[in-house]
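Visitor: Here is my input; please provide its structure:
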Amino acid sequence: MLNKLKKIQAERSDQKGFTIIEVMIVLAIAGLIILIVLLAVPALQRNGRNTAIKNDAGIVAAGISTSVSDNDGKVPTSVSGSNGTVTIVNATSESVKSQGGTTVNDGAAAVVPVAATLTQVPTGTIQVFRGQNCGNTASTRAISVYYSIETSGINVVKCIDA
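Guide: Here you go, the predicted model:
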């Protein structure tokens, strides 16, 4: 009887393969890795979009500043654009190339209260307001470029004086 038990035990130790527990541990680790990747990808995409919008807002503000200096300090009559081309209309039409293709909307030509300004800038767009600076000070020569980005589910509106 003892010899039979030793023989059975010897046969079992010769078997090769994984136990069910080892397989379950590997599957659990693989599942955690996949979960981490799936959670990280949307955040990376959002950060890329936000960076493109910030860069485009800087390009628009620089283009407006150039247009103002080229036209003896006159503020452009309109600024609009999409798909990478922003048109700045002053005495002549000028255009600048944006990198991210962000939509640029022309805002009011009069002073708009800051609270109203914040609600008029949809996420992922650039809004140009003539007649006010970022401090909401009225001036016929002031231009503000607002852009809205998404950060952790919260929309943040920022302003650049052009």
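
Visitor: How far off centre is the lengthiest helix in the chain?
Guide: Counting residues, the longest helix found in the chain (DSSP state H) is helix 20-70. Relative to its parent chain, helix 20-70 has a centroid offset of 8 Å by Cα atoms, centre = their mean, to the nearest Å.

Visitor: do the same with stretch 62-73
Guide: 27 Å.

Visitor: Okay, buried residues for it please.
Guide: Across stretch 62-73, burial judged by 16 or more other Cβ atoms under 10 Å covers 63-64, 67-68. All C-beta atoms are positioned from the backbone trio N, CA, C, and that covers glycine.

Visitor: Closest one of these to residue 77?
Guide: residue 67 (10.3 Å; Cβ to Cβ).

Visitor: quick one: the closest one from residue 23, how far?
Guide: 66 Å (Cβ to Cβ, to the nearest Å).

Visitor: For the protein, give me the ranges with low pLDDT.
Guide: For the chain, the stretches with pLDDT under 70 are 1-2, 5-15, 91-93, 98-100, 108-120, 152-157, 161-162.

Visitor: ok, now with 80
Guide: Within the chain, the stretches with pLDDT under 80 are 1-16, 71-75, 77-124, 130-141, 151-162.

Visitor: what residue lies at the spatial centre of the protein?
Guide: In the chain, the residue lying closest to the centroid (Cα atoms, centre = their mean) is residue 50, at 1.9 Å.
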